[in-house]
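Enquirer: I would like the atomic coordinates for the input below:
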Amino acid sequence: MALMHCQFFSEKLGLSMAMNVIVPQATCSGQIGIASPERKKRYPALYLLHGLSDDHSIWCRRTSIERYAATCNLVIVMPEVHRSWYADMAGGGKYWTFISEELPALAEQFFPISPRRDDRFVAGLSMGGYGAFKLALWRPDKFSAAASLSGALDISSCVLDQAAQGNAELSRIFGQPDTISGSDSDLFALVHKAKAGDHPLPKLFQWCGTEDALYKANCAFRDHIRPLGFDYQYHESSGTHDWSCWDREIQRVLKWLPQASV
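Expert: Residues are numbered from 1 along each chain as shown. Okay, here's the model as predicted:
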């Protein structure tokens, strides 16, 4: 595998941005302890999203994602989005436009990535779990599978709770707290929008630890989506909001992903 650190300019944000990218290296059969993947002209891509306090480097620093990816024959794109919640911010940058439109186009320009919807996946933890499901449910025309690990899936409650505590950070991102429920920022509403749309529904994978502060919200999302006919897997096990859990669960996500290729 090749691990590349990519600095680039985002026209949508007006900022220099960064992403770490893992790319299969089909000529490394002599590397000890790492599998040599089958050579492809274009590879499927997993967009792997970080949480609130992290950046593009965190998955490589806290897990063995490069080693896990060696047998998967796909490119893994790990972008930075700061504390944006993957949103076009009410008082800031257009991070949703960046992550849903500009980033995939740039990644497919820079790296040997397939542009097919069936070859484009997304996963993330915490804030990134919210972002992953938002991408798949709002843009099922672009993403065929999404995984959330300990996702902050009830964003309406998060905004309301934070505002009640006198913290305006989420309000500066999403707008007034009473406008979030039922909007395109609300995953509980987006599942119905995706269901009513013309595009195939994305496959969804969800995990949360039973001792996580976000466990109750994850159960609520599970109960909300289960009757709606998605190709959907829910998993839970003992665990908190912790990298030992996410390191374990990302391995399960990689095995769950469709292994399409061109």
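Enquirer: so residue 170 is in which element?
Expert: helix 169-174 (DSSP states H and E).
Enquirer: how about that helix: buried residues?
Expert: Buried residues in helix 169-174, counted by 16 or more other Cβ atoms under 10 Å: 170-171, 173-174. Quick note: C-beta positions are derived from backbone N, CA and C, even for glycine.
Enquirer: cool, and stretch 175-185?
Expert: 175, 177, 180-181, 185.
Enquirer: so which of the residues you listed are in helices?
Expert: Of the buried residues of stretch 175-185, none are assigned to helices by DSSP state H.
Enquirer: sort out for me which of the residues you listed are in strands.
Expert: Assigned to strands by DSSP state E, none of the buried residues of stretch 175-185 qualify.
Enquirer: TSV for those residues, including pLDDT and distance to residue 125?
Expert: Output for these, formatted as TSV (pLDDT from 0 to 100; distance: Cβ to Cβ, whole Å):
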residue	pLDDT	distance to residue 125
175	92	25
177	90	24
180	93	21
181	95	24
185	96	19
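Enquirer: quick one, strands of the stretch 1-150 of the chain?
Expert: Using DSSP state E, counting those that start in this stretch, the strands of the stretch 1-150 of the chain run over 2-10, 15-23, 45-49, 75-79, 120-125, 145-149.
Enquirer: make TSV out of these and add distance to residue 111 and mean pLDDT.
Expert: Listed next are the strands of the stretch 1-150 of the chain as TSV, based on distance: least, Cβ to Cβ, whole Å; pLDDT from 0 to 100:
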stretch	distance to residue 111	mean pLDDT
strand 2-10	8	97
strand 15-23	6	97
strand 45-49	8	98
strand 75-79	6	98
strand 120-125	13	98
strand 145-149	19	98
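Enquirer: following the helix holding residue 170, which helix or strand comes up?
Expert: That would be, after helix 169-174 and using DSSP H and E, helix 187-196.
Enquirer: just the element for residue 153, please.
Expert: For residue 153, there is no helix or strand it lies in under DSSP H and E.
Enquirer: so what's the spatially closest residue to residue 53 that is not a sequence neighbour up against?
Expert: Nearest in space to residue 53, with sequence neighbours left out and distances taken as Cβ to Cβ, 6 or more residues apart in numbering, is residue 83 at 7.9 Å. Residue 83 is in contact with 52-53, 127, 169, counting by Cβ atoms under 8 Å, 6 or more residues apart in numbering.
Enquirer: repeat the analysis, applying 10 Å as the threshold.
Expert: Residue 83 makes contact with 51-54, 89, 92, 95, 127, 169-170, 173 under the criterion Cβ atoms under 10 Å, 6 or more residues apart in numbering.
Enquirer: against residue 90, how distant is residue 206?
Expert: Noted for residue 206: a distance of 27 Å to residue 90, by Cβ to Cβ, to the nearest Å.
Enquirer: now do residue 157
Expert: Taken as Cβ to Cβ, the span from residue 157 to residue 90 is 18 Å.
Enquirer: the two: which is more packed in?
Expert: Neighbour comparison, residue 157 and residue 90: the larger count goes to residue 157, with 17 against 13 (by other Cβ atoms under 10 Å).
Enquirer: that one looks like it's in a strand, true?
Expert: No - going by DSSP: H, G, I helix; E, B strand; the rest coil, the assignment for residue 157 is helix, not a strand.
Enquirer: show me what contacts it?
Expert: 177, 180-181, 188, 216-217, 220.
Enquirer: which one of those residues sits closest to residue 67?
Expert: When the contacts of residue 157 are ranked by distance to residue 67 (Cβ to Cβ), residue 217 comes first, at 31.6 Å.
Enquirer: which one is that closest one nearest to, not counting chain neighbours?
Expert: Using Cβ to Cβ, 6+ apart, the nearest residue to residue 217 is residue 154, at 3.9 Å.
Enquirer: swap in residue 204?
Expert: residue 232 (4.7 Å).
Enquirer: great, nothing more from me.
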